[in-house]
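A.B. asks: Model the structure of this input:
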Amino acid sequence: MSKTPIRLVIPDSGVLISLAHGLLLDALFSFSDDVRLTVTDVVQYEATLRTDLVDANRIKEFLKRNAGRIKVDTTGFHKLIDQAIENPAIELPRNIGEISIYGYINDIRQDEPGIPVLVLFEDEWFLKNQYTRPRNTHLLSLAAFLKVLEKIIPGFSFDDAMDRIRNTRPGVNAIEKDISASSATTWKSKLRKP
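C.D. replies: Predicted structure coming up:
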């Protein structure tokens, strides 16, 4: 019997930005190889747009280097994003990130009860809207994820990781939330044991 794969989705650019600030992007590969890593096109755009920022360049290089492992899912904004990349004078809608999340969550809902989805987030939008998420969606805050890594990776320190992030991103959301999907998911079993 084959194991059901899970999908790790990052529809929140804050996660990548914070991990880049803390030099922790590779922590996303703490999952086994059968976990599909997914970011949205809006997250990719928001997180890599400012080429004058060190974190944006780190994220761009990380996504490029790991293109075989990280899938970029398109949202309803993909054509507009492509146009904005070609012509920076094009103004994107205010709150495009939050708006795209609604659409992306609806797309996940269409897959239900398909592949379990672990949503890694930093924005409190996910907590405010947790009751409208698809049943197969497990919400995990960035801080809760880092706390779990501390328990399974020898030498990894949650406090050190958060300090590294806060050093250049003092506004990082350190809320620890792990909100299970309606159906049982065992995402922790998908973490690599050293």
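A.B. asks: Just give me the longest helix of the chain.
C.D. replies: helix 96-111 (DSSP state H).
A.B. asks: which residues make contact with that helix from outside it?
C.D. replies: The contact list for helix 96-111 (CB atoms under 8 Å, 6 or more residues apart in numbering) reads 9, 11-13, 40, 42-43, 46, 73, 75-77, 93, 117, 123, 125-126, 129, 132-134, 136-137. To be clear about C-beta, it is placed using only N, CA and C from the backbone, and glycine gets the same treatment.
A.B. asks: How about that helix, which residues are buried there?
C.D. replies: 96-97, 99-101, 104-105, 108 (16 or more other CB atoms under 10 Å).
A.B. asks: re the thing from before, are any of the contacts of helix 96-111 buried, and which?
C.D. replies: Judged by 16+ other CB under 10 Å, buried ones among these: 9, 11-13, 40, 42-43, 46, 73, 75, 77, 117, 123, 125-126, 133-134, 136-137.
A.B. asks: Among the buried residues of helix 96-111, which pair sits farthest apart?
C.D. replies: Across the buried residues of helix 96-111, the longest distance by CB to CB is 18.4 Å; it joins Ile96 and Ile108.
A.B. asks: Quick one: the strands in this protein, in order.
C.D. replies: With DSSP state E as the definition, the chain shows strands at residue ranges 7-10, 36-40, 70-73, 117-121, 137-141, 178-179.
A.B. asks: so which of these is the most packed in?
C.D. replies: strand 117-121 (a mean of 25; mean count of other CB atoms under 10 Å).
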